[in-house]
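In: okay, sequence plus prediction incoming.
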Amino acid sequence: MPGIEGQIHMVMIDNEGVGDMGDIDWFNGYIFVPFSGGRKLVIALFSASDLEMKSYVILEDLSDIGWCAVQPHTGVLVTSNSSINRENPVHLYQINLSLLESDVLSLEPICTKAFAKPNGEIIEMCCMQGVTFIPDGSMLYLIKGHFDDNRTNGGIRLFDFLSGILLARSRNGSGSFNFAYDVGAPYEEPEGITYWDLDAKSAPGIKGQLHAFMLDNEWSTDDIYLKHYRVYFDEEYQPPMRGKYKANRSKDKREVHTADCSWADNIALKNEIWYSTVGEALEDGYDGCAHCLKKYHQR
Ligand SMILES: [Zn+2]
C-alpha cells in the first residue's frame, strides 16, 4: 500500500518462510494476521492505526492455520488447522495483555476445544476460512468451504463458545440465513468473516452486523462478494428459529417432536432446539418421537 512501510515487514516475515495470509481479527487497536503455507506458521501483530508490523509468534503445535479470532474483553486467541475434528481441535491461547500494551505478542496455550451438534456428536469440519466473535464474546460465527466442495459443507455456522454447541447454520441458496455460493465452476468460495455493527455507522450503502466475504475464483478476473447480515439478539425479537419441530437435547432423550405434540411441552427450556424441517433434526442426530413422528422413530 502506498505510504505504508509494508515492504520491510514482509521481508521479516519471509525469513520465517511464511506464505498465505488467512482471516484476520482486530483486538484492542491491533490486527492479528495468521500466515501459513511456508516453513513456519506465524501469527503476526500489526498496529491498526498505521499497519506497521510490531511482533509475531511462531505456532509449533499446528500444521496449517487459515484464520485466527480474538475473544473480546478476555484476549483469548482462537485458531485451528484447516480441518476441525477429534484429532484437530480448536486451540485457545491467552494473549499476554500487559506485553501487548508494549506492542509485543505473546501467546500462552490454554486448552483445546471441540464443536458439537446439539445432541453432543462432535462436528467434523473442513476448509476452515474464518471466525469472528459477537461483541460480548459468548458466541462465534465460523465460515468454511472450498470451491470444489459438496453443496452442504460450506457456509456460516453459529456456535455457543463455552459449550461449543451449534446454534444455527446458513443455507446455500434459501431461507433467512442464506449464504449462497456455487461450488464447482464458477469456483465460488467462502472466505473471511467479521462482526462489525454498521447500522449506526456512516459506511455508504452498507448496513448490518455480520459481514462475510465470498470469492469467485476466475483466475484472471476474480469477483469479490461481500454479504451483509443483520443480526438480532434482543429478547423481544422472535427469531424464525421457532419452527415446526421441537427437539429435546437432554442426553437421555435426544428426540424430535412436532411442535403440537404433548410430549414436546415437557421439554425443559434449556434443552429445547427448534427446527423448520424434520430432516435437519434427523441430520443433527435426533430420533423421531414414537407418537408424533412414528415414521422416523428408530431407537
Ligand atoms: Zn412427540
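Out: Good, I have the coordinates.

In: checking residue 263 next. Helix, strand or coil?
Out: Secondary structure assignment for residue 263 (DSSP: H, G, I helix; E, B strand; the rest coil): helix.

In: measure it to the ion for me?
Out: Distance, residue 263 to the ion, by C-beta to the ion, to the nearest Å: 4 Å. (Glycine included, C-beta is placed from N, CA and C.)

In: burial of that residue, as a residue count?
Out: 16 (other C-beta atoms under 10 Å).

In: same question, residue 174
Out: Around residue 174 there are 9 residues (other C-beta under 10 Å).

In: residue 132 pairs with what?
Out: For residue 132, the beta-bridge partners are residue 141 (DSSP bridges).

In: likewise residue 194?
Out: Listed beta-bridge partners, residue 194: residue 211 (assigned using DSSP bridges).

In: doesn't residue 216 make contact with residue 191?
Out: No. Here residue 191 does not reach residue 216: they are 10.6 Å apart, not a contact under C-beta atoms under 8 Å.

In: tell me who's in contact with the residue positioned nearest the centre of the chain.
Out: Ranked by distance to the mean C-alpha position of the chain (C-alpha atoms, centre = their mean), the top residue is residue 142 at 1.0 Å. By C-beta atoms under 8 Å, 6 or more residues apart in numbering, residue 142 lies in contact with 115, 125, 128, 130, 131, 156, 157, 158, 159, 193.

In: looking at those, spot the one nearest residue 84.
Out: If you rank the contacts of residue 142 by distance to residue 84 using C-beta to C-beta, residue 125 comes first, at 4.5 Å.

In: contacts only, for that closest one.
Out: Listed by C-beta under 8 Å, 6+ apart, the contact partners of residue 125 are 83, 84, 85, 115, 142, 144, 153, 157.

In: phi and psi next, for it.
Out: Backbone torsions of residue 125, given as degrees, to the nearest 10, read phi -130, psi 140.

In: and the pLDDT at it?
Out: What the model reports for residue 125 is a pLDDT of 91.

In: beta partners of it?
Out: Beta-bridge partners recorded for residue 125 (DSSP bridges): residue 84.

In: how near is it to residue 259?
Out: Here the criterion is C-beta to C-beta, to the nearest Å. By it, residue 125 lies 30 Å from residue 259.

In: got it, and residue 144?
Out: Relative to residue 259, residue 144 is positioned 31 Å away (criterion: C-beta to C-beta).

In: neighbour count: those two, which is higher?
Out: Between residue 144 and residue 259, counted using other C-beta under 10 Å, residue 144 has the larger neighbour count: 24 against 14.

In: right, and that one touches residue 190 too?
Out: Yes. Counting by C-beta under 8 Å, residue 144 touches residue 190, with 6.5 Å between them.

In: now for those two: what residues contact both?
Out: 129, 154, 155.

In: so which of these belong to strands?
Out: Among these, DSSP state E puts 129, 155 in strands.

In: for the ion, state which of the shared contacts of residue 144 and residue 190 is nearest.
Out: Of all these, residue 155 has the smallest distance to the ion: 29.8 Å, by C-beta to the ion.

In: the closest one bridge partners, please.
Out: Per DSSP bridges, the residues bridged to residue 155 are residue 144.

In: looking at it now. What's its pLDDT?
Out: pLDDT, residue 155: 93.

In: that one: how many residues sit nearby?
Out: When neighbours are defined as other C-beta under 10 Å, residue 155 has 23 of them.

In: what sits against it?
Out: 143, 144, 145, 169, 170, 171, 172, 179, 181, 190.

In: need the buried ones from the contacts of residue 142 selected in ChimeraX.
Out: In ChimeraX, this line selects whichever of the contacts of residue 142 come out buried by 16 or more other C-beta atoms under 10 Å:
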select :115,125,128,130,131,156,157,158,159,193
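
In: would a markdown table of the shared contacts of residue 144 and residue 190 with distance to the ion be doable?
Out: What follows is these, written out as a markdown table (distance: C-beta to the ion, whole Å):
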| residue | distance to the ion |
| --- | --- |
| 129 | 38 |
| 154 | 33 |
| 155 | 30 |
